[in-house]
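Undergrad: sequence-free structure coming up:
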C-alpha cells in the first residue's frame, strides 16, 4: 500500500513538472508572438517610437505601452 501511494505521488509530481514546463513554454511562445505584433505596429526611430499602423493607435493607447515594451 505504501509503495503504491509513493508511486502514485511520484507520478503526480512528474505530471505536475511536465505541466509547469509546458506552461513556461507556452508563455515564452506568447511573449514572442506579442513582440512580433508590437514590432509590426510600433517602429523605433532615433530613440522615439512611431505607430506604423495608425488604425491601432487608440487601441494601443488604452494599454500601458511602456510596461508592455519593458516586458
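TA: Structure's in. What do you need? This is a predicted model, so every value here is computed, not measured. Numbers count the residues shown, from 1 in each chain.

Undergrad: Regarding the chain, what is its longest helix?
TA: helix 2-41 (DSSP state H).

Undergrad: name the helices or strands packed onto it?
TA: helix 65-70 (3 or more C-beta pairs under 8 Å, 6 or more residues apart in numbering; DSSP states H and E). Bear in mind the C-beta positions are built from the backbone N, C-alpha and C, glycine included.

Undergrad: mind checking which helix or strand residue 50 is in?
TA: strand 48-51 (DSSP states H and E).

Undergrad: buried stuff in that strand?
TA: Along strand 48-51, no position meets the burial threshold by neighbour count (16 or more other C-beta atoms under 10 Å).

Undergrad: now do stretch 39-50
TA: Neighbour-count burial for stretch 39-50 [16+ other C-beta under 10 Å]: 41, 42.

Undergrad: how long is it end to end?
TA: 11 Å (C-alpha to C-alpha, to the nearest Å).

Undergrad: start at 59 instead
TA: Yep, numbering from 59; the last one is stretch 97-108 now.
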